[in-house]
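Asker: here you go, sequence then predicted model.
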Amino acid sequence: MGKPLRVGMCGLGTVAQGVLNVLRDNHDAITQRAGREIQLTQIASRSLKAGVDLGSAEFCTDVLALSRRDDLDVVVELIGGEETALEIVRNALRNGTSVVTGNKAIMALHGNELVELAREQGCSLGFEAAVAGAIPIIAALTRSLAGNQVGWLAGIINGTSNFILTAMTEEGQNFQDALEEAQRLGYAEADPTVDVDGIDAAHKLTILAALAFDMGFRFSDVYTEGISGVTAEDIEYADQLGYRIKHLGITRRTEAGVEARVHPTLVPKRQLIANINGVMNAVLVQGNAAGPTLFCGAGAGDRPSASAVIADLVEMARGIAFLPVKTPNVSPPMLAVEDTQSAFYLRIPSLDQPGVFAKVAGLLSERDISIEAAIQREQAIDTTSQQAWVPIIILTHVVNERVMNDAVAAVQSLPEVVGQITRLRVDQLTDG
Ligand code: HSE
């Protein structure tokens, strides 16, 4: 057995407590695999939580002081947030100490700087826990699938959004109740708008795109839309058409550039990923050698995230100095979402009068948008105007998004359209 790997951990929240517990519960197996003991010698957190067993670690309340210590091999950053977390990681790397972080925000926003700093200092920088909790997707993209050119990947990478959409789909639960339950279970971020507005997923997609396409971290180029506009009605119509609504991060390499977008998406029910429910995450990767591979598992929670943190520590203990991502030497153009291609689901609230559907179909066909399926539901009465109206539901074939925007604007301005049109993207998640 070699000398112990001396680890200092910043944070004592959900994931950090998971690390303490899993390191203790699986001590012998982890030591055996790492070839030496992973010794948690220092823990820093603003306050010491009652009932948490710190083992033999020394405790202090100054996380920045811990990050500057020179008697550590690795600093684990698990405090979350941005400013202080970034300072911790910078301090440690500048000090020549390797870092493990679960912080997707700092990797997405400052990953290029941090990777470069780690490279200059000859340090390892592990962030397996930053994306999709327990799923070893960083290892998969950088090692197991390293022989592939990735064409695209699509992932359910925000457990809270998946939990809410699942509860709305399966239990008819409303948005707020489902969100509160996710918060109670410890899945949601401190500010849950980061989850439901898609920002957390955009952070994670930034990291996945950087790895899949060797192009650095480009968060500001990721199109981001959350789940707050998804209604129980749309979930039901999607179901009737053979689809589930999932919040997906999708990145794809095309001849024109790389697209990266996060938004609710209709996915065929027959796709395995459409059946990944609750807080589970999944990432589907299309490699040109491997074909499609689907990775799924718990996307959040104490022990699942701890599993990913410890995987990085074991690698470091084995003496494998690693940076999962290289400083990019390519900078492919990023496509604006308007320049991407999708099929679309439209829900058009319109007056129940003869010829409305024909008018809508005409405006679509003028723009070469072909309709794959349509349903028209029973009449409802608008309480303000007392007029009879019906939702027209249309599923289109694949079309350029700019053309679809133009078509939606034209349909919206028809006098028979009595409410805001809902427009959601549809993806078959196949190569064809
Ligand atoms: N809030 C995140 C989620 C936690 O819901 O997926 C894991 O990053």
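Answerer: Received it, and whenever you're ready, just let me know what you need.

Asker: ok, now which ones touch the closest residue to Gln341 other than its chain neighbours?
Answerer: Closest residue in space to Gln341, ignoring its immediate chain neighbours: Val398 at 5.2 Å, by CB to CB, 6 or more residues apart in numbering. Yep, even glycine has a C-beta here, placed from its N, CA and C like the rest. Val398 makes contacts with 341-343, as judged by CB atoms under 8 Å, 6 or more residues apart in numbering.

Asker: from these, which single one is nearest the ligand?
Answerer: Nearest to the ligand among these, counting by CB to the nearest ligand atom, is Ser342 at 23.9 Å.

Asker: just checking, that closest one touches His397?
Answerer: No: between Ser342 and His397 there is no contact under CB atoms under 8 Å: 10.0 Å.

Asker: Leu395 looks like it's in a strand, true?
Answerer: Yes: secondary structure of Leu395 (DSSP: H, G, I helix; E, B strand; the rest coil): part of a strand.

Asker: make 47 the starting number, not 1.
Answerer: With 47 as the first residue, the last one maps to Leu441.

Asker: mind checking how far it is from the ligand?
Answerer: Distance from Leu441 to the ligand, counting by CB to the nearest ligand atom, to the nearest Å: 29 Å.

Asker: now the strand or helix carrying Ile253: mean pLDDT?
Answerer: Assigned by DSSP states H and E, Ile253 belongs to helix 245-259. Mean pLDDT, helix 245-259: 97.

Asker: elements contacting the helix or strand just after that helix?
Answerer: Per DSSP H and E, the first helix or strand lying C-terminal to helix 245-259 is strand 269-270. Applying 3 or more CB pairs under 8 Å, 6 or more residues apart in numbering; DSSP states H and E, one finds that strand 269-270 contacts helix 245-259, strand 303-314.

Asker: now do strand 269-270: everything it contacts.
Answerer: Outside of strand 269-270, the residues within contact range by CB under 8 Å, 6+ apart are 243-245, 247-248, 306-309, 382-383.

Asker: most neighbours, which of these?
Answerer: Ala247 (32 neighbours; other CB atoms under 10 Å).

Asker: that one: what's it in contact with?
Answerer: 203-204, 207, 270, 293, 295, 308.

Asker: mind running it again at 6 Å?
Answerer: Taking CB atoms under 6 Å, 6 or more residues apart in numbering as the criterion, Ala247 is in contact with 203-204, 295, 308.

Asker: before we move on, back to that, so which of the contacts of Val444 are in strands?
Answerer: Members of the contacts of Val444 lying in strands (criterion: DSSP state E): 387-389.

Asker: sort out which of those are buried, if you could.
Answerer: Neighbour-count burial (16 or more other CB atoms under 10 Å) applied to these gives 388-389.

Asker: make CSV from the ones in strands among the contacts of Val444 and add pLDDT to it.
Answerer: Converted to CSV, these look like this (pLDDT from 0 to 100):
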residue, pLDDT
Gln387, 95
Ser388, 96
Ala389, 98
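
Asker: would you map the helices across the stretch 97-246 of the chain?
Answerer: Assigned by DSSP state H, counting those that start in this stretch, the helices in the stretch 97-246 of the chain fall at 109-113, 129-140, 150-167, 183-185, 205-216, 221-230, 239-242, 245-259.

Asker: out of those, which gets the lowest mean score?
Answerer: Among those, helix 221-230 scores lowest, at a mean of 88.

Asker: does the helix holding Ile253 reach the ligand?
Answerer: Yes: on the criterion CB under 6 Å from any ligand atom, helix 245-259 is in touch with the ligand at Asp246.

Asker: chain center to that helix: distance?
Answerer: Chain-centre distance of helix 245-259: 7 Å, with CA atoms, centre = their mean, to the nearest Å.

Asker: which of the contacts of Ala247 are buried, as a PyMOL select command?
Answerer: A single PyMOL command is used to select the members of those judged buried by 16+ other CB under 10 Å:
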select buried, resi 203+204+295+308
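
Asker: strands - which of the contacts of Ala247 land there?
Answerer: Per DSSP E, these map to strands at 295, 308.

Asker: ok, the contacts of Ala247 vs Asn327, which is closest?
Answerer: Taking CB to CB as the measure, Asn327 sits nearest to Ile203 out of the contacts of Ala247, at 5.6 Å.
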